[in-house]
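Q: After the sequence you'll find the predicted model.
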Amino acid sequence: MSWSKSREQLTINKEQLTINCNDFIHKLKIAIKELNETEVWLRIVVAAEMKTDIVLASLLDEGQQLQRIFGAGIQTARKNR
């Protein structure tokens, strides 16, 4: 393989990685929005007294943990672009 061909392939791979990184960030943002919506619905369930706070507390906590994990993933992906 010639030098120019290798350089061209490297450039193509770098562009694909950037697109994938941007796509990854976008998908994490969507996941965070979905978690926020889920949290709202869980709070509605509690307010309507369909389930107790104790039953849903672990679900709310897990959702918040996932939001933090996804948020950290976005920061890392942006930093490593």
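A: Noted; the coordinates are in hand.

Q: Could you check whichever strand or helix holds residue 57 and say which residues are buried?
A: Using DSSP states H and E, residue 57 sits within helix 53-79. For helix 53-79, burial by neighbour count (16 or more other CB atoms under 10 Å) applies to 56, 63, 67, 70, 73, 74. No exception for glycine: its C-beta is placed from N, CA and C like everyone else's.

Q: Between those residues, which sits nearest residue 40?
A: residue 63 (10.3 Å; CB to CB).

Q: Which helix or strand contains the spatially most central residue of the chain?
A: Centroid-nearest residue in the chain, with CA atoms, centre = their mean: residue 28, separated by 2.0 Å. Take DSSP H and E as the rule and residue 28 turns out to sit in helix 3-47.

Q: okay, and for the protein, where does confidence drop off?
A: 1-18 (pLDDT under 70).

Q: so the residue nearest to the centre of the chain makes contact with residue 69?
A: No: counting by CB atoms under 8 Å, residue 28 sits too far from residue 69 to count as a contact (9.3 Å).

Q: What lies in contact with stretch 27-35?
A: Contacts to stretch 27-35, defined as CB atoms under 8 Å, 6 or more residues apart in numbering, come from residues 63, 66, 67, 70, 71, 73, 74, 77.

Q: how about that stretch: buried residues?
A: 28, 31, 32, 35.

Q: farthest-separated two in those residues?
A: Going by CB to CB, the pair spanning the buried residues of stretch 27-35 furthest: 28 and 35, at 10.5 Å.

Q: rewinding a little: as TSV, the buried residues of helix 53-79 with distance to residue 44 would be great.
A: As requested, the buried residues of helix 53-79 are exported to TSV (distance: CB to CB, whole Å):
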residue	distance to residue 44
56	10
63	14
67	18
70	23
73	28
74	27
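
Q: from those, which single one is nearest residue 22?
A: residue 74 (11.0 Å).

Q: wait, what's in contact with the closest one?
A: Shown in contact with residue 74 (CB under 8 Å, 6+ apart): 25, 28, 29.
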